[in-house]
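**Q** Task: produce atomic coordinates for the following.
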Amino acid sequence: MGALIVGIVLLFVLFFLCIWPLKRIAWPWDAMTKAVRRFGVDLDAPPLAESGPRELQVVIRAFNEMQSRIRRLLRDRTQMLAAISHDLRTPITRLQLRAEYLEGTEQYEKTVADLNEMEKMIASILSFAREQNSTEAMELFDISALLEALCHDMEDVGQPVTFENKTGGRLPFFGRTMGLKRAFSNLIENAVKYGARAHVLLKMNDPNQEIQVIIEDEGPGIPEDQMENVFAPFYRIDRSRSLKQSGAGLGMAVARDIVRAHGGDIKLYNDPQRGLRVVVSLPLRGHA
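**A** Here you go, the predicted structure:
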């Protein structure tokens, strides 16, 4: 009996001695994988500590340097966009003043409309730049109250927007209030602009442990091969239709950036019964 106990103890010791080195090797790679995934949704994620085997440290160092270069590249691009847009405001203002001398002529309304469109585009670009550099603090807020107030505000100014809450009441969430409000506002305005109306539904997706905000319209939808393209800055599906609509093609890009910064995502689906369905998913780790 004593020999059996000694044998079992030795077996556990040998098992530990074999597994422990493997865990020490595997853990840094696991941390590396998590860091790469985190950087995919949060560009401000901290650099990864250079630990583990020497070969892995070389990879981590290269990843940290790449992370820093990407951040710098995006920051420089955003600052350049903001600077150009800001500088364009002065000549546009001068042109608007000069256009007043055309009042009463055939060209007056067309000129003023073009200048107003340019001003809206510049405002959109500046808003995009501000969002990229946002330092808004995270706070606890009721996401259902935010959506309800946003939809009611749009209804009050004549927008065909309806809201339905299937969560059963309040839904506290930890995140950037103004950022998410801007994201939802962009998505709802797009639904009204291109799909005639917007129906906003808030619900819980328990199997995936996430909050879902679904925005449906009654428009023609989006071609399947262009669903990813609409999230690219300045992209327009139909150039002829875009000329009749205001904006710079940044609303969807801004919305997805904000949602992904919260660890969520936005998916698009064509619904034959209604139109386009926009599904915003936010993880419950932001839920309190």
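
**Q** all strands for this structure, in order.
**A** Using DSSP state E, the strands of the chain run over residues 139-142, 161-165, 172-175, 198-205, 210-216, 265-270, 276-283.

**Q** Can you report how many residues neighbour residue 276?
**A** Neighbour count of residue 276, defined by other C-beta atoms under 10 Å: 22. For the C-beta atoms, the positions are set from N, CA and C on the backbone; glycine is no exception.

**Q** Might you report the residue contacts of residue 147?
**A** Contacts of residue 147 were listed using C-beta atoms under 8 Å, 6 or more residues apart in numbering, and they are 163, 165, 184, 200, 202, 213.

**Q** could you redo the last one with a cut-off of 7 Å?
**A** 163, 184, 200, 202, 213 (C-beta atoms under 7 Å, 6 or more residues apart in numbering).

**Q** Check it and give its pLDDT.
**A** Here the pLDDT value assigned to residue 147 is 96.

**Q** what's the distance between it and residue 211?
**A** Look at residue 147 and residue 211: by C-beta to C-beta, to the nearest Å, they are 11 Å apart.

**Q** And for residue 172?
**A** 11 Å.

**Q** Which of those two has more residues huddled nearby?
**A** Taking other C-beta under 10 Å, residue 172 and residue 211 do not tie; residue 211 has more neighbours (22 against 13).

**Q** So what sits opposite that one in the bridge?
**A** Beta-bridge partners of residue 211, counted by DSSP bridges, are residue 204, residue 282.

**Q** Retrieve the pLDDT associated with it.
**A** 93.

**Q** For it, give me its contacts.
**A** 143, 171, 173, 204, 282, 284, 287.

**Q** do the same with residue 158
**A** By C-beta under 7 Å, 6+ apart, the contact set of residue 158 is empty.

**Q** Also residue 155?
**A** Shown in contact with residue 155 (C-beta under 7 Å, 6+ apart): residue 161.

**Q** For stretch 60-69, list the C-alpha coordinates in CSV.
**A** C-alpha atoms of stretch 60-69 as CSV (Å, rounded to 0.1, in the frame of the first residue of the first chain):
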residue,chain,number,x,y,z
ILE,A,60,6.4,40.9,-29.2
ARG,A,61,8.9,43.7,-29.7
ALA,A,62,8.1,43.7,-33.5
PHE,A,63,4.4,43.7,-32.7
ASN,A,64,4.7,46.6,-30.2
GLU,A,65,6.7,48.6,-32.8
MET,A,66,4.0,47.9,-35.5
GLN,A,67,1.3,48.9,-33.1
SER,A,68,3.0,52.2,-32.4
ARG,A,69,3.6,52.9,-36.1
